[in-house]
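>>> I'll drop the sequence and a predicted model, then ask my questions.
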Amino acid sequence: MADGNAGAPIEDATSIALEDIDVSNPALWAADSHWPYFARLRKEAPVHYCKASMFGPYWSITKYNDIMAVDTNHQVFSSEAALGGIAIIDQGAELRLPMFIAMDPPKHDAQRKVVSPIVSPMNLATMEPLIRGRVQQILDGLPRGETFDWVDRVSIELTTQMLATLFDFPFEDRRKLTYWSDIATTIPAPGMLVETEEEKLSILMECLGYFMRLWNERVNAPPRGDLISMLAHGESTRNMSPEEYLGNLILLIVGGNDTTRNSISGSVLAMHQNPGEFAKLKANPDLIPSMVSETIRWQTPLAHMRRTALEDFEFSGQTIKKGDKVIMWYVSGNRDETVIERPDEYIIDRERPRQHMSFGFGIHRCVGNRLAELQLKIIWEEILARFDRIEVMVEPERVPSPFVKGYLNLTVRIPA
């Protein structure tokens, strides 16, 4: 089964007035009920204006080729943090964090170049045995015949260990990275991880304080191969303000954590929901790289990226005004039936599995995409070597956010 319409729509997607559709409503994401709304927008209003939402008014770009056009046009559509940044939730004046993904060229290009060597093919080849050893240790430590939370025991543990290595971060404190990542992307509300913007800011300042100590150690030592040392010694990053340092840290933590972690969890759920595909994979493990790409498409771990219009612009028959918030819904582009065949189905041997937009396009394409794919590939090679199946026991709880498309938990059992 596809994950198409799991969870009842909040309001019926077919009868709600087109202008009242608000695909950013966090309740839709918690219930996994956004799919029919996007299907309708792609069909009836691929460039759609929502005049009122908890995040203010915004444009939705929902079709594959339109998203690509916006994503590659940074002359008109800006990522700049000062204009609100890269997510539908505006960076408030009290928390404006410049980061290279929230910059336009040429500054973006110079800063990105500082950190990209960490995911060079040579470096990935060096990291592979380390990742494999950790995966083996994590999987060998899992209980058999009893339920446990896959998100906590596997997805978070593996990605947090990886982040600690990339930052050369004190290993015993590595779960702080997961916590800060969750804080950075959470929408403050009663009962949530943080309830107010002030609380969120105060925790992110703790994060900055911790990382300032590491910066001071690295800046006074010879350059090394970890991300903090690279930033501390990089020509275009060594004179960053504390806000910019924190911004780039948050970018690297979220980029290295949320995306891979939710794709790992999503792959287990997808295999459980599609036993025929799991049988196909067991019969032919050479399909793992293709399965990895299909999982990243099917999951789309970051549902959107945002841009801000720098001028009035005619796009697909609509006038986008200067200053308007423009949301590229990757999650919808990845289900665009005019570009991807049978897009709501999870098919691990697709003809063109890499044809997806989960990593974005152009200059802002995800810098760590190969590392994410490598971790997923290794974990499935090791799963197939150990387990006949992984049973998902209940529907997972999902993150109530239109940005991070992920899982709060995934209760599973590995038969004894």
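Here it is on my side, so go on.

>>> Strands of the stretch 101-250 of the chain, start to end?
Assignment of strands within the stretch 101-250 of the chain using DSSP state E, counting those that start in this stretch yields the ranges 147-149.

>>> Where does pLDDT dip in it?
Using pLDDT under 70 as the threshold, the predicted model of the stretch 101-250 of the chain has low-confidence ranges 101-108, 110-111.

>>> So which residues of it form helices?
Counting by DSSP state H, counting those that start in this stretch, one finds helices in the stretch 101-250 of the chain at the ranges 107-115, 121-140, 150, 157-167, 175-185, 197-219, 227-233, 242-273.

>>> could these go into a markdown table alongside mean neighbour count?
All C-beta atoms are positioned from the backbone trio N, CA, C, and that covers glycine. Formatted as a markdown table, the helices of the stretch 101-250 of the chain follow (neighbours: other C-beta atoms under 10 Å):
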| stretch | mean neighbour count |
| --- | --- |
| helix 107-115 | 18 |
| helix 121-140 | 14 |
| helix 150 | 24 |
| helix 157-167 | 22 |
| helix 175-185 | 20 |
| helix 197-219 | 15 |
| helix 227-233 | 21 |
| helix 242-273 | 23 |
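
>>> R352 is nearest to which of those helices?
Across the helices of the stretch 101-250 of the chain, the minimum distance to R352, taken as C-beta to C-beta, is reached by helix 242-273, at 18.2 Å.

>>> Tell me the helix or strand right after that closest one.
For helix 242-273, the succeeding helix or strand toward the C-terminus, using DSSP states H and E, is helix 275-283.

>>> Check which helices and strands that next one is in contact with.
For helix 275-283, the elements it packs on are helix 242-273, helix 288-299, helix 369-386, judged by 3 or more C-beta pairs under 8 Å, 6 or more residues apart in numbering; DSSP states H and E.

>>> what's that helix in contact with?
In this structure, residues lying in contact with helix 275-283 by C-beta atoms under 8 Å, 6 or more residues apart in numbering are 270-272, 287-288, 291, 346-349, 380, 384, 389.

>>> got the angle for it vs helix 242-273?
Between helix 275-283 and helix 242-273, the angle formed by their directions is 100 degrees, by axes from the mean of the first three to the mean of the last three C-alpha atoms, to 10 degrees.

>>> Show me how far helix 275-283 is from its chain's centre.
Relative to the chain's own centre, helix 275-283 is displaced by 26 Å; criterion: C-alpha atoms, centre = their mean, to the nearest Å.

>>> Of all the residues in it, which ones are buried?
Of the residues in helix 275-283, those with enough neighbours to count as buried (16 or more other C-beta atoms under 10 Å) are E277, F278, L281.

>>> how close does the second one sit to E197?
Okay, so that is F278. Counting by C-beta to C-beta, to the nearest Å, the separation of F278 from E197 is 43 Å.

>>> go on, the first one?
From E277 across to E197, the span is 42 Å (C-beta to C-beta).

>>> Assess the claim that V412 and I390 are in contact.
Yes. With the criterion set as C-beta atoms under 8 Å, V412 and I390 qualify as a contacting pair; they are 5.3 Å apart.

>>> where's stretch 263-283 relative to the chain centroid, distance-wise?
When C-alpha coordinates are averaged (C-alpha atoms, centre = their mean), stretch 263-283 and its chain have centres 20 Å apart.
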